[in-house]
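# Quick one: sequence plus predicted model below, questions after.
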Amino acid sequence: MPGALTKDEARAAFADAINNITGSTTSCSDYSTDTVDAKSQYQGLTTYETDMNASGDCTSRDGEST
């Protein structure tokens, strides 16, 4: 959980970050219609955790994508 955020605030921040990627276009004038080829689909909440600790170090893998 990002520091000082509630679960709802973190969820909104992650959604904004993903929308910034999937909804972006290039700023180059020659490629004004070039869009990022990325898609996302919210899959709901999970009880799984990332395979990283608070310091950003990898921990043991659990085989689940979060």
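Perfect, thanks for sending it.
# how about the helices of the chain, start to end?
Remark: helices assigned in the chain by DSSP state H are 7-22.
# residue ranges with poor pLDDT in the chain?
Applying pLDDT under 70 to the chain flags the ranges 1-2, 25-35.
# Just the strands from it, written as ranges.
Using DSSP state E, the chain contains no strands.
# Give me the distance between residue 16 and residue 53.
25 Å (C-beta to C-beta, to the nearest Å). (Glycine included, C-beta is placed from N, CA and C.)
# I figured residue 38 hits residue 22, correct?
Yes. The pair residue 38 / residue 22 is scored as a contact, 4.9 Å apart, by C-beta atoms under 8 Å.
# Who has more neighbours out of the two?
The neighbour comparison of residue 38 against residue 22 (other C-beta atoms under 10 Å) goes to residue 22, with 14 against 10.
# show me the contacts for the residue nearest to residue 64 when sequence neighbours are not counted.
Nearest residue to residue 64 in three dimensions, chain neighbours excluded: residue 48, at 4.4 Å (C-beta to C-beta, 6 or more residues apart in numbering). Shown in contact with residue 48 (C-beta atoms under 8 Å, 6 or more residues apart in numbering): 62, 64, 66.
# I'd say residue 15 and residue 42 touch.
Yes. Counting by C-beta under 8 Å, residue 42 is a contact partner of residue 15 at 7.3 Å.
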